[in-house]
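J.: just the structure for this:
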Amino acid sequence: MTVFLHELRQSRTALIIWSAAISFMLGVCIIIYPEMSTQMGDISAMFSDMGVFSDAFGMDQLNFGEFMGYFGIECGNVLGLGGALFAAIAGVMALAKEERNKTAEFLLTHPISRTRIVTEKLLAVLAQVCLLNAAAIAVSAVCILIVGVEADATTLALIFLAHLILQLEIAALTFGISAFLRGGELGLGLGLVFALYFMNILANLSEDLEFLKFITPFGYTDGAYIIGEKSIEIKYLAVGIVISALGITAAYLKYRKKDIS
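T.: Below you'll find the model as predicted:
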């Protein structure tokens, strides 16, 4: 597992910073809830009656005055968008960083196959995403206990699971893209996340664009659906799994023939 451990060592600073930042923002969102809850009646009514803005973020379907509704909107956006950006950065750099940093000799001097390199790099990316989510879940759990709010454990678990799968899909997709790059284009990875995020907003705004939810992984992290149905929307999740598999397959096929210099 030489490459796997090397990847984790190289990425530990970024992982710590991103994990701390996302966990901190989640913690703040939860800690301030009791103070905000005293005004939630008026705020919830206002948000649910803001037309297209309410539709875009599902505020018309959730009770912002209850903790689960608040968590699904506020904390869900923090974990979803923040985690997706980290996953995209980790994925899009994975198979291109040696060429960008002119350190390809590290790979070329080790007697390991291209397939094993891809496997260990993929495992390193997925491990980082899982570690970030573990930190976010731990901090959220502690903060929920501190403020003493009532939260449905099953629904919370589904929200966290949906966002973990979202990030794993983003990581797999950008990992596949990275095999075709020579410089590890951060802008491409970040741009992809924002494009997918806004696709979900457009899908929420118009029934004619609802098909976009089959393309964007943000479609199955919809807090309104998860909280209301206590499940993840399987039809969107299934497409996400297929997209993830295609991204990983593309990485293996391309990298085995790639000229690393």
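J.: residues of the longest helix anywhere in the chain that come out buried?
T.: Looking only at the chain and at elements set by DSSP state H, the helix with the highest residue count is helix 114-147. Of the residues in helix 114-147, 117-122, 124-129, 131-133, 135-137, 139-140, 143-144, 147 count as buried by neighbour count, 16 or more other C-beta atoms under 10 Å. Placement of C-beta: from N, CA and C, glycine included.
J.: packing partners for that helix?
T.: Contact here means 3 or more C-beta pairs under 8 Å, 6 or more residues apart in numbering; DSSP states H and E; on that basis helix 114-147 packs against helix 2-31, helix 76-94, helix 153-178, helix 234-255.
J.: and the second one, what does it pack onto?
T.: Judged by 3+ C-beta pairs under 8 Å, 6+ apart, helix 76-94 is in contact with helix 2-31, helix 114-147, helix 153-178, helix 186-205.
J.: export it as PDB, just CAs?
T.: The C-alpha trace of helix 76-94 is given here as PDB (Å, rounded to 0.1, in the frame of the first residue of the first chain):
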ATOM      1  CA  GLY A  76     -27.400  19.900   4.400                       C
ATOM      2  CA  ASN A  77     -26.100  22.700   2.200                       C
ATOM      3  CA  VAL A  78     -22.900  23.100   4.200                       C
ATOM      4  CA  LEU A  79     -22.200  19.400   4.100                       C
ATOM      5  CA  GLY A  80     -23.400  18.800   0.600                       C
ATOM      6  CA  LEU A  81     -21.600  21.700  -1.200                       C
ATOM      7  CA  GLY A  82     -18.600  21.800   1.000                       C
ATOM      8  CA  GLY A  83     -18.000  18.100   1.000                       C
ATOM      9  CA  ALA A  84     -18.600  17.900  -2.800                       C
ATOM     10  CA  LEU A  85     -16.000  20.600  -3.400                       C
ATOM     11  CA  PHE A  86     -13.400  18.700  -1.300                       C
ATOM     12  CA  ALA A  87     -14.200  15.400  -3.100                       C
ATOM     13  CA  ALA A  88     -13.800  17.100  -6.500                       C
ATOM     14  CA  ILE A  89     -10.400  18.600  -5.500                       C
ATOM     15  CA  ALA A  90      -9.200  15.200  -4.200                       C
ATOM     16  CA  GLY A  91     -10.500  13.300  -7.300                       C
ATOM     17  CA  VAL A  92      -9.400  15.700 -10.100                       C
ATOM     18  CA  MET A  93      -5.900  15.900  -8.700                       C
ATOM     19  CA  ALA A  94      -5.400  12.200  -8.000                       C
END
